[in-house]
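> The sequence and its predicted three-dimensional model are supplied below.
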Amino acid sequence: MKIVKRILKFIIIVVGILLISIVIMVLIDKQNTKYLKVKKNEIANNDSYLITNVNIIPMNQDTILVDKMVYIKDGIIQKIADRIEINGVEILDAKNKYLTPGLIDMHVHVWDRYELGLYLSNGVTAVRNLWGMPMHLRIKEAVNNDEIISPIFFTTGPKLTGPEFIGDDNLQLTSPNEAKEKVISYKERGYDFIKTYYGITEDIFDAVIEQAIISDIDIVAHPSQKVPYSYHFNPQIKSIEHAEDIIQQPLNYKLDTLKLKEVINDFSKSKHSSFSPTLTVYNNIYQMLIDDEILVSEQLQFMNPLIKKVDSKAQFERWYNTKLRDSSTVKTIKNQHDFHLKIIKKLHEAGTTFICGTDAGIGITIPGFSIHQELAFYKEAGLSNYEVLKTATVNASKTHSIMNNMGTIEVGKIANLILIDNNPLLDLSILQNPTTVFIKGRKLNKDSLDYFEEKARNRKNLIASAVRYLENLIFEK
């Protein structure tokens with residue numbers, strides 16, 4: 001009996017030490033992102049400016065407003081004119097640089113707060129997180145309460161899947177009633193959108209849509225193979241994700257131009273849904289296939305360490321081993337990527353509204369940096385620079401009503417802005433190096449942006465990230 005008590009006591013002590021250690025690591029991780037915390041004494045008068053000598057790319061029309069002034073008060077654009085007389089605010093001489101709306105990445109997966117700084121350093125001033133977990137509600141609350149410097153943060157709830165098991169990170173719905181309960185719960189808890197995912201059957205899909213209408217919450221759809229692709233063209237579904245799923249579902253894994261015409265026709269009939277191609281995440285499969293050293297590359301230093309150790313490694317090994325078994329895989333993946341570009345070209349010609357999404361945060365798709373590659377692919381597919389920039393600004397902002405207050409430079413809009421040296425309508429790569437980023441009027445200079453990147457490089461928060469993911473598995477199942 002004494003031996004049993006001693007063993008139990010030992011187990012309790014070990015578990016206690018383990019729990020304390022985990023708490024300490026999570027607290028240390030929170031402390032290490034303190035550089036994003038808004039200091040109380042900095043809140044006043046830190047979001048009001050008069051910007052002078054600036055060339056504005058407003059994005060509500062294809063033009064440049066040359067040599068203007070912009071008055072920002074309390075984080076809101078108050079006036080745009082040739083001359084503005086305002087006393088008592090800081091004057092910023094833009095020295096004939098170019099001012100555009102901040103970029104919006106409409107498909108990301110956020111794993112920690114370091115990534116928020118990475119988005120800002122790349123000119124991304126709003127993100128739509130499409131894999132909701134409890135930690136994202138905390139981030140959203142901190143952002144909305146102006147406690148941290150961050151892109152404006154929107155998030156879906158957890159991914160909703162059908163009855164069959166797809167992975168421990170997905171929420172299996174087994175009945176229409178359960179689907180409705182989840183939609184109600186996610187709305188009440190503060191998630192912004194519902195994300196439907198792979199495997200949702202028609203009866204469950206109908207229940208999700210029906211309840212989303214009642215609960216007044218938009219749906220973002222990763223297409224389900226259990227319903228026809230055209231099923232996703234529902235007014236409550238505000239965007240459809242992934243060019244690759246067009247090939248996997250209606251085209252039945254074939255690069256079939258005749259079948260593609262049917263899909264293009266369905267898109268042209270729909271006036272409700274935007275399309276987020278996420279070309280970068282699929283192209284990164286090709287990058288893994290042609291670069292055996294990619295896991296130790298410079299870009300992977302900015303990936304969350306848990307994702308790098310688990311997901312990045314698993315994806316690389318999967319495709320590396322596939323290549324060893326069949327060397328034609330490299331050409332197959334490249335051909336599909338090229339077909340994605342053809343899809344974008346045809347959809348664009350049919351008048352489809354594109355919104356820029358990268359799928360950043362999984363595999364080797366790096367938060368923040370990846371948006372520039374995504375935009376470059378749209379350019380390669382045949383969009384003009386202005387049309388490309390629309391996907392990450394005004395088009396994105398029109399997707400959901402709660403995002404309508406950003407995406408253009410107009411009076412009354414949130415001052416989410418980026419200042420760059422040259423004209424991105426001539427060279428999109430200029431967007432990669434903003435000299436200043438304004439987030440809700442708060443000015444972030446180049447030194448701050450570079451510091452955000454340095455803090456995120458090779459961060460040591462694997463265990464803290466694992467704890468937050470474990471929290472999701474425990475409380476969202």
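Everything's here; your move.
> now the strands: where do they sit in the stretch 301-450 of the chain?
417-420, 436-439, 442-445 (DSSP state E, counting those that start in this stretch).
> any chance of the ones you listed in a markdown table, plus mean neighbour count and mean pLDDT?
(C-beta placed from N, C-alpha, C; glycine too.) Formatted as a markdown table, the strands of the stretch 301-450 of the chain follow (neighbours: other CB atoms under 10 Å; pLDDT from 0 to 100):
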| stretch | mean neighbour count | mean pLDDT |
| --- | --- | --- |
| strand 417-420 | 24 | 98 |
| strand 436-439 | 25 | 97 |
| strand 442-445 | 18 | 96 |
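> now the ones you listed as CSV including distance to Asn60?
Converted to CSV, those look like this (distance: least, CB to CB, whole Å):
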stretch, distance to Asn60
strand 417-420, 14
strand 436-439, 18
strand 442-445, 23
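> Nearest to Asp169, out of the ones you listed?
Across those, the minimum distance to Asp169, taken as CB to CB, is reached by strand 436-439, at 29.9 Å.
> quick one, what contacts Asp256?
For Asp256, no contacting residues are found, by CB atoms under 8 Å, 6 or more residues apart in numbering.
> Got phi/psi on it?
Main-chain dihedrals, Asp256, degrees, to the nearest 10: phi -100, psi 110.
> Run through the helices of the stretch 151-300 of the chain in chain order.
Applying DSSP state H, counting those that start in this stretch to the stretch 151-300 of the chain gives helices spanning 176-189, 202-215, 244-248, 257-269, 279-290.
> Pick the most deeply packed of those.
Here the criterion is mean neighbour count by mean count of other CB atoms under 10 Å, and of the helices of the stretch 151-300 of the chain the winner is helix 279-290, at a mean of 22.
> Dump it to CSV, restricted to CA.
Coordinates of the C-alpha atoms in helix 279-290 are reproduced here as CSV (Å, rounded to 0.1, in the frame of the first residue of the first chain):
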residue,chain,number,x,y,z
LEU,A,279,-1.8,29.3,-56.3
THR,A,280,1.2,29.7,-54.1
VAL,A,281,0.5,26.8,-51.8
TYR,A,282,0.2,24.4,-54.7
ASN,A,283,3.2,25.7,-56.5
ASN,A,284,5.2,25.1,-53.3
ILE,A,285,4.7,21.4,-53.9
TYR,A,286,6.7,21.9,-57.1
GLN,A,287,9.3,23.9,-55.2
MET,A,288,9.7,21.0,-52.8
LEU,A,289,10.2,18.6,-55.7
ILE,A,290,13.0,20.6,-57.3
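> Can you pull out the residues in contact with it?
Defining contact as CB under 8 Å, 6+ apart, one finds that helix 279-290 is touched by 242-244, 294, 315-316, 319-320, 323, 329-330, 333-334, 336-337, 340-341, 344, 358-360, 362-365, 370, 373-374, 377-378.
> switch the cut-off to 7 Å
The contact list for helix 279-290 (CB atoms under 7 Å, 6 or more residues apart in numbering) reads 243-244, 294, 315-316, 319, 323, 329-330, 333-334, 337, 340, 358-359, 362-365, 370, 373-374, 377.
> taking those one by one, which sit in helices?
Cross-referencing the contacts of helix 279-290 against helices under DSSP state H gives 244, 315-316, 319, 323, 329-330, 333-334, 337, 340, 370, 373-374, 377.
> Low-confidence regions, the stretch 301-450 of the chain specifically.
The model of the stretch 301-450 of the chain has no residue with pLDDT under 70.
> follow-up on the earlier one: buried subset of the ones in helices among the contacts of helix 279-290?
Buried by 16 or more other CB atoms under 10 Å: 244, 315-316, 319, 323, 329-330, 333, 337, 340, 370, 373-374, 377, out of the ones in helices among the contacts of helix 279-290.
> Quick one: mean pLDDT for the helix or strand that Leu137 is a member of?
Element membership for Leu137, per DSSP states H and E: helix 134-144. Helix 134-144 carries an average pLDDT of 97.
> quick check: angle from it to helix 176-189?
Interaxial angle, helix 134-144 versus helix 176-189 (axes from the mean of the first three to the mean of the last three CA atoms, to 10 degrees): 30 degrees.
> in helix 134-144, what counts as buried?
Across helix 134-144, burial judged by 16+ other CB under 10 Å covers 135-137, 139-140, 142-143.
> ok, these vs Ser185, which is closest?
Leu137 (12.1 Å).
> What residues does the closest one make contact with?
By CB under 7 Å, 6+ apart, Leu137 lies in contact with 189-190.
> How about Met69?
For Met69, the contacting residues are 50-52, 81, 83-84, by CB under 7 Å, 6+ apart.
> again, only this time at 8 Å
Contact partners of Met69, counting by CB under 8 Å, 6+ apart, are 50-54, 79-84.
> Derive a ChimeraX selection command for the buried subset of the residues you listed.
ChimeraX command restricting the contacts of Met69 to the buried ones, with burial defined by 16+ other CB under 10 Å:
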select :50,51,52,54,80,84
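> Now for Asn55, which secondary structure element holds it?
strand 49-56.
> quick one: the residue nearest to Asn433 when sequence neighbours are not counted from Leu103, how far?
Distances taken as CB to CB, 6 or more residues apart in numbering place Ile420 nearest to Asn433, at 7.0 Å, with adjacent residues excluded. As judged by CB to CB, to the nearest Å, Ile420 and Leu103 stand 11 Å apart.
> thinking again about what came up before, between which two of the buried ones among the ones in helices among the contacts of helix 279-290 is the distance greatest?
Using CB to CB, these reach their maximum pairwise distance at Lys323 and Glu374, which is 24.7 Å.
> shaky segments in the stretch 151-300 of the chain?
Judged by pLDDT under 70, no stretch of the stretch 151-300 of the chain qualifies at all.
> typed the wrong thing, it's the stretch 1-150 of the chain
1-30, 40-45.
> which residue is nearest the centroid of the chain?
When CA atoms, centre = their mean is applied to the chain, the residue found nearest the centroid is Val108 (2.6 Å).
> In the sheet, which residues pair with it? Tell me.
Beta-bridge partners for Val108, by DSSP bridges, are Asn129, Ala360.
> what's it in contact with, if anything?
By CB under 8 Å, 6+ apart, the contact list for Val108 reads 119, 127-130, 357-361, 367.
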